[in-house]
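> the sequence and its predicted three-dimensional model are supplied below.
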Amino acid sequence: MRRRDFITLVGSAAAGWPLAARAQQPAMPVIGFLHLTSLETNRENLAAFRLGLGDTGYIENKNVAIEYRWAQGRNDRLATLVAELVGRQVSVIVVLESTNGALAAKAATKTIPVVFMQGADPVRIGLVDSLNRPGGNLTGINLFLVEVVAKRLELLLELVPTAKSIAYLHNPTNPVFAETETREVQVAARALGVRLLVVNASRISEFEAAFADLVQQRADALLVSGDGFLHTHRDEIVALAERHAVPAIYSMREYVADGGLMSYGTNYPSAWRQAGVYTGRILKGERPADLPMQQVTKIELVINLKTAKALGVTFPLPLLGRADEVIE
């Protein structure tokens, strides 16, 4: 072989090496991400989820891809969106803040790992076998929405001690969560000796009628469910509570940041970050069956003094002193 032919042969082979190497690289894992609401209402939380992924070494668009599905507050879309992600053959499905979404994922696949985050007892509603040993292909974070609803009612009565009737706004089209939470609220109301007025809203068009109903029934205060659909439309709910001068307590800080009076519930960014950590651990090879359910440990009381002044409400000093955050 002549020297010129040899150089040409080696040069041609070298030019092909990068393509061959790229062909042999493993495909980037894909996370199928599903949420009941929208990107617009979850930018801070989504940043926390990405931080959790980063804690395990995964960076979006660098060594992991994410397929997003946002249901825009429609529970009836969840099963279809889950089916899309299963059909996409994603590496793991993440379903956050949706009982219906988690149940849909459980029904749709027995093989793809699922990380969920929702507010009803995951054992009671059949998502996992136990908190310590979930079994199957699901694990996640319990937001303690239902478990602290009685405390939420207690705080509302501490603020309005003369209240005889409390309105409870919930969404009946989220049946598993709604039935579980409603049962807890009813038990708490009986124990505290107050009349509970259940008002329903499952569409935006029903909010006005729900508030007209609670006003007509002379509700002294309002407890808003931790339901995801209601959270999606928190601006409308906060505005109606202000218009009708109804003291209200919510399950999420975001309501209070948007002008609501008071909230008592989970610190959501920390829960989303933990969901990101669990997702990363599963991508690294751990099995959901071996990852215990995480119980949130940070429950926050947030108060908006500007709203209190507008409503003519005065927070008792002991209650104000227990607040984790006061917005002025």
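Thanks, I have the structure now.

> which residues of the stretch 51-200 of the chain fall in strands?
65-70, 92-96, 114-118, 138-142, 165-170, 195-200 (DSSP state E, counting those that start in this stretch).

> got JSON lines for the ones you listed, with mean neighbour count, distance to residue 42 and mean pLDDT too?
Every residue, glycine included, has its C-beta placed from N, CA and C. Below are the strands of the stretch 51-200 of the chain laid out as JSON lines (neighbours: other C-beta atoms under 10 Å; distance: least, C-beta to C-beta, whole Å; pLDDT from 0 to 100):
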{"stretch": "strand 65-70", "mean neighbour count": "16", "distance to residue 42": "8", "mean pLDDT": "97"}
{"stretch": "strand 92-96", "mean neighbour count": "28", "distance to residue 42": "8", "mean pLDDT": "97"}
{"stretch": "strand 114-118", "mean neighbour count": "28", "distance to residue 42": "12", "mean pLDDT": "95"}
{"stretch": "strand 138-142", "mean neighbour count": "26", "distance to residue 42": "15", "mean pLDDT": "95"}
{"stretch": "strand 165-170", "mean neighbour count": "23", "distance to residue 42": "21", "mean pLDDT": "97"}
{"stretch": "strand 195-200", "mean neighbour count": "18", "distance to residue 42": "25", "mean pLDDT": "96"}
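
> output the ones you listed as JSON lines; include the columns distance to residue 27.
Listed next are those as JSON lines, based on distance: least, C-beta to C-beta, whole Å:
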{"stretch": "strand 65-70", "distance to residue 27": "9"}
{"stretch": "strand 92-96", "distance to residue 27": "14"}
{"stretch": "strand 114-118", "distance to residue 27": "20"}
{"stretch": "strand 138-142", "distance to residue 27": "24"}
{"stretch": "strand 165-170", "distance to residue 27": "43"}
{"stretch": "strand 195-200", "distance to residue 27": "46"}
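
> shaky segments in the stretch 201-328 of the chain?
Of all residues in the stretch 201-328 of the chain, none has pLDDT under 70.

> show me where it has helices.
For the stretch 201-328 of the chain, the helices defined by DSSP state H, counting those that start in this stretch occupy 207-216, 228-232, 234-243, 253-257, 268-283, 305-311, 317-321.

> now do the buried residues in the fourth one.
I take that to be helix 253-257. Neighbour counts using 16 or more other C-beta atoms under 10 Å place 253-256 of helix 253-257 among the buried residues.

> just to revisit the earlier point, residue 311 is nearest to which of the strands of the stretch 51-200 of the chain?
strand 165-170 (15.2 Å; C-beta to C-beta).

> so what strands line up beside the closest one?
According to DSSP bridges, strand 165-170 forms sheet pairs with strand 195-200 (parallel), strand 221-224 (parallel).
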